[in-house]
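# predicted model and sequence follow; I will ask about them next.
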2 protein chains.
Amino acid sequence: MSGRITIQRVAELADVSKATVSRVLNGYPHVRPEVREKVQRVIRETGYQPNNIARLLASDRSSIIGFVISSSAQMVFHDPYFPALTEAVSDAAGDRGLIMALFMSHADGQGQKTVNSILAAGLFDGLILTADANGASIFPQQLAPDLPVVFIGRPSHADGFHYVDADNVQGGYLATSHLIDLGHRRIATIGSNRNASGEDRVTGYRRALSQRGLAFDERLVAFGDYSLESGYAGMQTLLPYKPEAVFVASDTMALGALRALREAGLRAPDDIALVSHDDLPPAVQADPPLTTVQQPIARTGQLAVQKLERIIVQGGKAPVENTILPVKLIVRESCGAVESL
Amino acid sequence: MSGRITIQRVAELADVSKATVSRVLNGYPHVRPEVREKVQRVIRETGYQPNNIARLLASDRSSIIGFVISSSAQMVFHDPYFPALTEAVSDAAGDRGLIMALFMSHADGQGQKTVNSILAAGLFDGLILTADANGASIFPQQLAPDLPVVFIGRPSHADGFHYVDADNVQGGYLATSHLIDLGHRRIATIGSNRNASGEDRVTGYRRALSQRGLAFDERLVAFGDYSLESGYAGMQTLLPYKPEAVFVASDTMALGALRALREAGLRAPDDIALVSHDDLPPAVQADPPLTTVQQPIARTGQLAVQKLERIIVQGGKAPVENTILPVKLIVRESCGAVESL
DNA sequence: AGAGTGAGTGAAACCGGTTTCAGAACGGTG
DNA sequence: CACCGTTCTGAAACCGGTTTCACTCACTCT
């Protein structure tokens, strides 16, 4: 940052005041066209770049938003959901001229420290938080009461927060209904009680069952943590109870479930029909390709950023309103509705 | 940021000057213990948090580093390498009190814009760049000549940059040698010419062959782009030439290769032995589990951050020195060295 | 007793922008 | 021609810290 050109220097070269340069920079009116022109030329010729730090200090906005993934390292590794979501948020932020700072807060004490340092920084215009899946709550409000915050995924521990989420209940409902439509009756599920999304999907599953007059059987419900391993284990738990079909609450867990089937000498969809959730790339690549509920991840990220921006602009206190995005069933081969090759 | 407590306010309450508060804050000497005590008490009682923005402006350091993943969205999605690396960098940054801003720069024009905005920000103490895999070079130097930059992965387009990389040549060498040791002679490779790492791995492959007196056969070399699909296609290209063994330059491509084998009615390692590269989680989960070259990703991230920090502290001009990290062969089942279950 | 020495402190300058405010220049009215 | 309302502009205050510099005040050392 040594010999950088400052607004002062530009002002001198263009023979105007700092104030005028600032006005040109920010596109304010009340600058004579020829002056504006001249300043712009100097800016171009010198390659002047305003120092954002100074700008921030003066204007009390940083244009930086924090994106906090509060989940175990395990999951971030294993489930493409997080990379996809991260990219979505990053893109949306970029589109709106915001800089995204990413934080992966681990379950351990480190996590708390990270969040504290985030807030202490006083550096962010706002935060996007993922509803955590491990019970360790992150509650920045308690520390910085008027920092704008938007959750992605319904936060399970409290109300009163802005959030954007996919319609997980509908997801579970669609998946399960589809299996019922295909004539299955003993329908199991591998869900998750690690976060609200998981719970909601199971809720949808139960709703579909009851609506179609099928009994809910505890033994046909397994819980995982979204990891491939937990899907594998979940399916092994279910197999003794001979389900005809299974709704698995994530693609990644479905991959694990498929492996369990394979090892048991069974095949989907012939022996057991499978529908999963998320529609991430592995769903297509799986063998057989997974029928799955598509979650609009990119859109989720976009909306979260937009919502956050709106809150920021409105100075923190916007009425809490949540956005639930529709989901859609993508039929592939694992459910048996289509002839596999 | 409305009614926040400022250093001025703290100074008044503690009945000292701003300068003294600042000294206490930054742990400078030459403050009487009792005064220090008093200031600290006021800080504690008021819950004062220094405004970093102001601090940055005054001290010309932001403690924010940019981490730029310049790769197609595709790859970031498909290859767990990037999430793993991101986490490594994020952790390392956090450990050293730095904030990491993540940028995913796409191949399209957007990418350039992003990078420009990064630099324009004048906000970062330094940048960590991933050596890009799509030819679209990112050359911040050209714009901000003394911004500290460290690459992860040898940048293939130019010299004179600090970088940290795994010993990819050695990786290819180890993998191929292992296959030779197992008695194979017709050894193919699915490499990549999308970046230096890919090239280096192929170099290692060739070195192993020539060192053991085996001829290099062009037809036994396929190139991919690290995606699962390209591994699949690569293997299909190779199959007509009947390789006994294949060194695949990434786990993700190896998964694709495995699928191609399966579809061709072949099994690894019985029909074709496979060794891959990276040792990411999917390597263990694959069927059969992959023998693969372990890349020290976490260490890579750490070193990159450390190196960057050193450059920053030394004020930009540190002698360029690169770090090549050793790799290690992890033997599992896909190579046939171990009895599979 | 007078001269150094170094610890402890505050006033003020500074970082590089934005924003307020007042004044100059200009055109249109009465 | 005096008066007023715009438009355009610059000086200066301000954002909230850090850092420099000068000064005071013990406390040694001749």
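That came through fine.
# tell me which residues form a beta bridge with the one residue in the stretch 101-250 of chain A that gets nearest to chain B?
Nearest residue of the stretch 101-250 of chain A to chain B (CB to the nearest CB) works out as residue A:102 at 4.0 Å. For glycine as for every other residue, the C-beta is placed from the backbone atoms N, C-alpha and C. For residue A:102, the beta-bridge partners under DSSP bridges are residue A:67.
# in terms of contact, does residue A:311 touch residue A:148 like I think?
Yes. Taking contacts as CB atoms under 8 Å, residue A:311 lies within contact range of residue A:148: 4.1 Å.
# what do the two both touch?
residue A:126 (CB atoms under 8 Å, 6 or more residues apart in numbering or on different chains).
# who's more crowded, the two?
residue A:148 (24 against 21; other CB atoms under 10 Å in any protein chain shown).
# leaving out chain neighbours, which residue sits closest to that one?
residue A:126 (3.6 Å; CB to CB, 6 or more residues apart in numbering or on different chains).
# also residue A:237?
Once flanking residues are discounted, residue A:237 sits nearest to residue A:222: 4.6 Å by CB to CB, 6+ apart.
# list the contacts of that neighbour.
Listed by CB under 8 Å, 6+ apart, the contact set of residue A:222 reads A:188, A:189, A:190, A:191, A:233, A:234, A:235, A:237, A:238.
# what's the closest non-adjacent residue to the fourth one?
Same thing as residue A:191. Excluding the flanking residues, the one nearest residue A:191 by CB to CB, 6+ apart is residue A:202, at 4.0 Å.
# that neighbour against residue A:224, yeah?
No. Residue A:202 lies out of contact with residue A:224 (CB under 8 Å); the separation is 11.3 Å.
# quick one: common contacting residues for these two?
With CB under 8 Å, 6+ apart as the test, residue A:202 and residue A:224 both reach A:191, A:192, A:249.
# are any of those buried, and which?
Buried subset of these (neighbour count, 16 or more other CB atoms under 10 Å in any protein chain shown): A:191, A:192, A:249.
# now, which of those residues lie within strands?
Counting by DSSP state E, those place residue A:191 in strands.
# so which of the buried ones among the shared contacts of residue A:202 and residue A:224 sits lowest on pLDDT?
In terms of pLDDT, the lowest of those is residue A:192, showing 90.
# the nearest residue in space to it that is not next to it in sequence: helix or strand, and which one exactly?
What sits nearest to residue A:192 in space, not counting adjacent residues and going by CB to CB, 6+ apart, is residue A:198, at 2.9 Å. Using DSSP states H and E, residue A:198 sits in helix A:196-211.
# close to DNA strand C: what parts of the stretch 101-250 of chain A are there?
Within the stretch 101-250 of chain A, no position is adjacent to DNA strand C by CB under 7 Å from any atom of the strand.
# can you give me the strands for the stretch 101-250 of chain A?
Per DSSP state E, counting those that start in this stretch, the stretch 101-250 of chain A carries strands over the ranges A:126-130, A:149-152, A:162-166, A:187-191, A:221-223, A:245-248.
# who are the contact partners of the spatially closest residue to residue A:186 that is not a sequence neighbour?
Nearest residue to residue A:186, sequence neighbours excluded (CB to CB, 6+ apart): residue A:244, at 4.6 Å. When contacts are counted by CB under 8 Å, 6+ apart, residue A:244 touches A:184, A:185, A:186, A:187, A:272, A:273.
# out of those residues, what pair is the most spread apart?
Farthest pair in the contacts of residue A:244 (CB to CB) is A:185 and A:272. Separation: 13.0 Å.
# the two - which one has more neighbours?
Between residue A:185 and residue A:272, counted using other CB under 10 Å, residue A:272 has the larger neighbour count: 26 against 13.
# from DNA strand C, how far off is that one?
According to CB to the nearest atom of the strand, to the nearest Å, residue A:272 and DNA strand C sit 62 Å apart.
# now residue A:163
Distance from residue A:163 to DNA strand C, counting by CB to the nearest atom of the strand: 30 Å.
# hmm, which helix or strand of chain A has the shakiest average pLDDT?
When the helices and strands of chain A are scored by mean pLDDT, DSSP states H and E, helix A:109-121 comes last with a mean of 55.
# residue A:260 and DNA strand C, how far apart?
In this view, residue A:260 and DNA strand C are 59 Å apart by CB to the nearest atom of the strand.
# chain neighbours aside, what residue packs nearest to that residue?
Distances taken as CB to CB, 6+ apart put residue A:235 closest to residue A:260, at 3.7 Å, once the chain neighbours are dropped.
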